[in-house]
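Trainee: Provide a 3D model corresponding to the input given below.
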Amino acid sequence: MSDAVLDYLSAHGPSLTSDVAQFLIDNHGLKPDAARQRVSRTRTAVKRLAYITFPRKARFIYLQQQYGSPQYWENLVEALIRTRSAYGLALEAILQRGGLLPTKHFAIACGAPMMQARHLSPDTIFNRLKQAQLLDKVLVSGIGECIVFSQYDGRYESLAQDVRARLITESVLLKAISDWSRKLGLVSYEKVSTRDGETLPRVGTFAWDLTAPSYLSFLTKGDDGKQKPGFLACDILLGEEVGVGGIRPFLQKCHSLRALRNVGATIQMFVADSYSHDAFMLAKQNGIIAATPGNLFGDEIAAGLKELTSVLRQAATSAIDPARFDELFSKLGKIEGASTQLRGTLFEYLAADIVRKTISWDIKMNRIFKNDAKQAEVDVVAIN
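Mentor: Below is the predicted model:
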């Protein structure tokens with residue numbers, strides 16, 4: 001019967017022991033206990049993935065010759081996501097963000113608590129996925145230390161410009177949400193915190209892109225004569241349409257937060273350019289505000305944010321069109337703090353454009369140079 005296990009792995013590739021056991025039950029007539037025992041007693045040709053376990057004590061098994069193959073990585077990622085483990089949620093978050101995520105943002109995106117009994121922390125999740133050779137940390141020009149898929153080796157720089165453009169646009173959006181929530185009186189004016197600060201915003205045991213205490217009557221509660229605030233907790237993700245996999249880590253945070261006794265009522269909001277129908281319905285069914293820049297701030301601001309991402313991507317490799325930046329200032333200048341950030345970003349790309357026209361057309365932006373133990377980041381590099 002052990003040959004049946006080998007045949008299954010040869011035909012289907014690396015698999016979960018639970019899937020192999022189900023195959024033995026369906027196709028060889030074994031009882032569940034007997035099937036599980038047969039799988040566990042397979043010969044030494046069958047290897048087991050270390051460091052990572054799956055729900056119901058399932059293990060990921062494979063043949064020695066399959067290790068490291070494209071099918072091995074594809075099946076492993078699919079198994080982690082399908083079982084909805086903490087590891088799978090983390091992988092979904094990175095995939096939804098193009099396969100490259102600033103290390104600082106991993107604790108926000110992965111859906112795990114910073115520290116909570118009987119829960120894996122973001123650091124533990126990353127370390128075990130690194131030990132399984134799925135994730136790694138690299139220094140990416142223009143962004144800093146990032147978490148990436150190990151199989152993306154050599155693709156980091158090609159991803160960096162798109163990711164950096166998205167992060168700058170999201171930073172402007174966070175300023176807009178901060179301004180909006182303050183002016184509505186939704187939150188305490190001076191207490192809004194975003195991921196762009198020195199420390200990550202926290203509500204309960206979780207990190208978020210934006211948080212603030214709220215003293216709206218339906219959120220506050222009294223305890224021994226003292227008024228305890230509620231909170232606004234918000235995550236954002238611009239760019240591609242957010243699917244179920246993109247919203248699931250956020251939902252995990254929201255459900256876990258609601259189970260904490262000492263945390264006040266919280267308005268939970270996710271902001272994206274667009275959602276798949278299933279993702280939008282899943283958010284609504286779970287009491288989440290699934291917002292877009294358009295329905296928060298109007299079509300002009302939403303169009304300006306999309307245009308900003310497009311301009312930044314283009315400006316990294318080609319000449320700047322001053323009229324497009326002028327239009328962006330017109331659309332986004334109403335957001336408090338946005339004009340200052342846009343001026344700084346524009347200056348960097350303007351410098352690159354001047355170098356491109358006066359020294360060399362072959363330029364690189366935001367490159368890190370290393371010499372022994374020293375390193376330096378250069379905004380604009382001309383190759384002549």
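
Trainee: going by C-alpha atoms from here, please, whenever you check contacts or count neighbours.
Mentor: OK.

Trainee: Lys363: what's its closest spatial neighbour, skipping adjacent residues?
Mentor: Careful, residue 363 is Ile; it's not Lys. Ala382 (4.5 Å; Cα to Cα, 6 or more residues apart in numbering).

Trainee: Met365 versus that neighbour, what's the distance?
Mentor: Applying Cα to Cα, to the nearest Å, the value for Ala382 to Met365 is 9 Å.

Trainee: if you count what's nearby, which of those two comes out ahead?
Mentor: Shown here are Ala382 and Met365; by other Cα atoms under 10 Å, Met365 has more neighbours (19 against 15).

Trainee: mind checking which helix or strand of this structure has the lowest mean pLDDT?
Mentor: Least confident helix or strand, the chain: strand 221-223 with a mean of 71, by mean pLDDT, DSSP states H and E.

Trainee: any idea of the mean pLDDT in the helix or strand following it?
Mentor: Tracing the chain past strand 221-223, the next element assigned as helix or strand by DSSP states H and E is strand 226-228. The average of the pLDDT scores along strand 226-228 is 81.

Trainee: what about the longest helix in this structure?
Mentor: When the chain is parsed with DSSP state H, its longest helix is helix 156-184.

Trainee: and the contacts of the helix or strand that comes right after it?
Mentor: Going down the chain from helix 156-184, the next helix or strand is strand 193-194, by DSSP H and E. With contact meaning Cα atoms under 8 Å, 6 or more residues apart in numbering, strand 193-194 is reached by 174, 200-201, 208-212.

Trainee: what does the pLDDT read for Ser276?
Mentor: 96.

Trainee: next: the one 3 residues further on.
Mentor: With respect to pLDDT, Ala279 has a value of 96.

Trainee: and if you look at the one 10 residues further on?
Mentor: The confidence metric pLDDT takes the value 97 at Ile289.

Trainee: who's in contact with it?
Mentor: 268-270, 283.

Trainee: show me which of those is closest to Ile108.
Mentor: Closest approach to Ile108 among these (Cα to Cα): Phe270, at 12.3 Å.

Trainee: which SS class is the closest one?
Mentor: Here Phe270 is recorded as strand under DSSP: H, G, I helix; E, B strand; the rest coil.

Trainee: thinking again about what came up before, farthest pair within the contacts of strand 193-194?
Mentor: Spatial extent of these (Cα to Cα) is set by the pair Leu174 and Leu200 at 13.4 Å.

Trainee: which residues do those two both contact?
Mentor: Common contact partners of Leu174 and Leu200 (Cα under 8 Å, 6+ apart): 194, 209.

Trainee: these two: who's more crowded?
Mentor: Using other Cα under 10 Å as the criterion, Leu174 and Leu200 rank with Leu174 on top: 24 against 19.

Trainee: where does the stretch 151-300 of the chain dip in pLDDT?
Mentor: The stretch 151-300 of the chain contains residues with pLDDT under 70 at 152-154, 222-225.

Trainee: one more time with 80, if that's ok
Mentor: Scanning the stretch 151-300 of the chain for pLDDT under 80 picks out 151-158, 221-226.

Trainee: pLDDT (mean, whole number) over stretch 344-355?
Mentor: Averaged over stretch 344-355, pLDDT sits at 77.

Trainee: if we can go back for a sec, quick one: which of the contacts of strand 193-194 is nearest Lys370?
Mentor: The nearest one, if we look at the contacts of strand 193-194 relative to Lys370 and count by Cα to Cα, is Leu200, at 29.0 Å.

Trainee: re the thing from before, drop anything exposed from the contacts of strand 193-194.
Mentor: 174, 200-201, 208-212 (16 or more other Cα atoms under 10 Å).

Trainee: with just CA atoms, put stretch 216-232 into CSV.
Mentor: Extracted in CSV, the C-alpha atoms of stretch 216-232 (Å, rounded to 0.1, in the frame of the first residue of the first chain):
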residue,chain,number,x,y,z
LEU,A,216,-18.6,59.0,19.7
SER,A,217,-21.3,58.0,22.2
PHE,A,218,-22.1,54.6,20.6
LEU,A,219,-18.5,53.6,20.8
THR,A,220,-17.6,54.7,24.3
LYS,A,221,-18.3,52.8,27.5
GLY,A,222,-18.1,53.8,31.2
ASP,A,223,-16.2,51.9,33.8
ASP,A,224,-16.0,53.1,37.4
GLY,A,225,-17.0,56.6,36.3
LYS,A,226,-14.3,56.8,33.6
GLN,A,227,-15.1,57.0,29.9
LYS,A,228,-13.2,54.5,27.7
PRO,A,229,-13.0,55.3,24.1
GLY,A,230,-13.8,53.2,21.1
PHE,A,231,-11.5,53.1,18.0
LEU,A,232,-11.2,53.5,14.3
